[in-house]
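Q: Quick one, fold the following:
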Amino acid sequence: MGRKGRISGKIEEATLSNGITVVAETIPQLRSVSIGVWVRAGSATETEQINGASHLLEHLFFKGTKRRSYRDINEAIELVGGVANAYTAREYTFMYMKVIDEHLGIAIDLLSDILLNSVFDEGEFRKEKRVIIEEIKTAEDTPEDRVHEAAVRLLWPDHPLGLPIGGDKRVVRSLSREQVVEYFRRWYNARATLIALAGNVRLEQVLPELERAFGRMRRGRAFRELNSLPGVGHRVLTRHKKLLQVHLCMMYPAVSIRSEERFAFYLLNNILGASSASRLFHTIREKYGLAYDAYTYTELLTQTGFIGIYVAVAPHNLGRCLRLVVSEIERMRVEPVSERELETAKEQFKSSTFLSVENTFNRMVRIAKGKLLRGQIEPLERVIQRVERVTADEIQALAYRLFDPAKLNMVVLGPIKRADRVLINNWHNG
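A: Okay, the predicted model is just below:
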């Protein structure tokens with residue numbers, strides 16, 4: 001690991017009087033502080049009828065409160081030279097600010113005002129719906145985004161996890177202010193909320209201020225996780241569209257963020273397609289020159305996850321590319337990875353981890369996700385140690401189970417020829 005030393009700062013936890021969980025990582029040598037307010041509400045807590053409500057709320061939070069107008073909110077951020085934004089995911093939504101330590105009080109006041117006093121003005125509501133619909137259209141006009149979204153829906157059909165995070169255009173267009181406010185009241189409560197801080201901050205000093213700002217949030221009921229997991233199937237979706245390339249996305253269900261196998265999974269993903277040293281990149285791009293983009297990506301959730309494989313290729317190379325991808329997947333299943341591949345993947349994981357934690361925002365996100373989704377915050381030292389202990393046999397055993405052909409879901413979008421469609425269907429049925 002090179003130079004030894006503690007990576008993690010001092011991590012502490014507390015609970016406000018109304019049940020809000022607070023976690024903080026103290027890094028006294030820095031001058032910045034990142035603070036995030038996380039709520040266990042995202043697209044997975046929606047239904048088909050209100051899909052997009054979480055994303056719409058994320059937009060509306062910055063559009064005015066009982067105390068501040070939209071312009072006041074922006075000026076408050078700019079006056080202290082801060083950064084603020086929000087993000088919606090399947091299992092959570094969060095808003096955050098990053099400021100220098102002397103302005104933390106302003107960030108706390110602003111985030112609590114946004115969370116507890118947003119007015120959800122009708123005019124802003126209608127405007128943000130239009131903005132989001134345009135955002136969705138942008139994604140739909142991007143073939144890469146389109147096949148990713150379609151693959152998730154194919155993997156988890158008829159389940160909340162399969163709903164698009166940004167929402168469905170028709171549903172967003174039909175959403176009423178009353179529906180979204182009702183959704184907010186149902187899911188946004190203290191027992192489903194977590195506040196995370198990282199940087200030059202001491203929990204015992206900031207706790208009274210957090211209590212004054214957030215302590216009046218309604219306590220509500222404890223968050224209950226999904227009581228059913230999505231079923232596993234083998235599905236293929238082909239869509240003909242006039243494009244210059246065919247876009248292919250293959251997706252398999254994977255381990256959860258709570259699984260001890262996630263450490264082997266990180267390395268498996270890296271070796272197969274998540275870096276320029278990966279097998280897919282080498283075979284598809286460097287060896288045969290069939291594609292510019294060929295990569296894998298993952299998403300780990302509380303009870304499940306997925307690994308996706310994406311390639312964009314000229315129509316006449318689709319069949320050859322598909323066979324090469326399948327060949328690399330099968331090789332992961334039947335052969336242990338080499339010692340060199342394993343060590344390279346471990347070094348890349350360590351490097352990306354060390355580099356990421358030089359940023360207080362990334363540290364805030366790490367401790368928030370750990371507490372919110374896993375129920376515990378793992379010291380970075382233990383994460384590195386667990387990755388170091390992963391063996392080639394563990395990766396092969398995991399790959400053999402994950403890359404079961406009966407669990408593959410695949411989306412193909414573009415100018416698909418009849419012969420390619422026959423090839424895909426024969427391969428799917430065989």
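
Q: Send over stretch 204-218 as CSV, restricted to the C-alpha atoms.
A: The C-alpha coordinates for stretch 204-218 follow below in CSV (Å, rounded to 0.1, in the frame of the first residue of the first chain):
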residue,chain,number,x,y,z
GLU,A,204,-20.3,18.2,19.4
GLN,A,205,-19.9,21.8,18.3
VAL,A,206,-22.4,21.7,15.4
LEU,A,207,-25.0,19.5,17.0
PRO,A,208,-26.9,22.3,18.9
GLU,A,209,-27.1,24.2,15.6
LEU,A,210,-28.5,21.2,13.7
GLU,A,211,-31.0,20.6,16.5
ARG,A,212,-32.3,24.2,16.2
ALA,A,213,-32.5,24.0,12.4
PHE,A,214,-33.8,20.5,11.8
GLY,A,215,-35.3,19.5,15.2
ARG,A,216,-38.8,20.6,14.3
MET,A,217,-39.0,18.3,11.3
ARG,A,218,-42.0,15.9,11.7
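
Q: What lies in contact with it?
A: Residues from elsewhere that reach stretch 204-218 (C-beta atoms under 8 Å, 6 or more residues apart in numbering): 12, 14, 16-18, 20, 22, 24, 37, 104-105, 108-109, 111-112, 115-116, 189-190, 193, 195, 197. Glycine gets a C-beta too; all of them are placed from N, C-alpha and C.

Q: try 10 Å
A: If you take C-beta atoms under 10 Å, 6 or more residues apart in numbering as the criterion, stretch 204-218 is touched by 12, 14-20, 22, 24, 26, 33, 35, 37, 104-105, 108-113, 115-116, 185, 188-191, 193, 195, 197, 203.

Q: Buried residues of it, list them for me.
A: Using 16 or more other C-beta atoms under 10 Å as the test for burial, stretch 204-218 gives V206, L207, L210, E211, A213, F214, M217.

Q: what's the neighbour count on the closest residue to T26 other than its chain neighbours?
A: Of all residues not flanking T26 in the chain, K10 sits nearest, at 4.4 Å (C-beta to C-beta, 6 or more residues apart in numbering). The local packing of K10 (other C-beta atoms under 10 Å) involves 12 other residues.

Q: Please apply the same query to G36.
A: Around G36 sit 24 other residues, with neighbours defined as other C-beta under 10 Å.

Q: did I read that right, it in a helix?
A: No. G36: not assigned to a helix; according to DSSP: H, G, I helix; E, B strand; the rest coil it is strand.

Q: neighbouring contacts of the host helix or strand of E381?
A: Element membership for E381, per DSSP states H and E: helix 380-388. For helix 380-388, contacts defined as C-beta under 10 Å, 6+ apart pick out 1, 4-9, 260, 262-264, 266-267, 345-346, 349-350, 353-354, 356-357, 363, 366, 370, 378-379.

Q: And the strands in the stretch 201-350 of the chain?
A: 235-240, 246-254, 294-300, 305-313 (DSSP state E, counting those that start in this stretch).

Q: Paired strands for the second one, with orientation please.
A: With DSSP bridges as the criterion, the sheet partners recorded for strand 246-254 are strand 305-313 (antiparallel), strand 409-414 (antiparallel).
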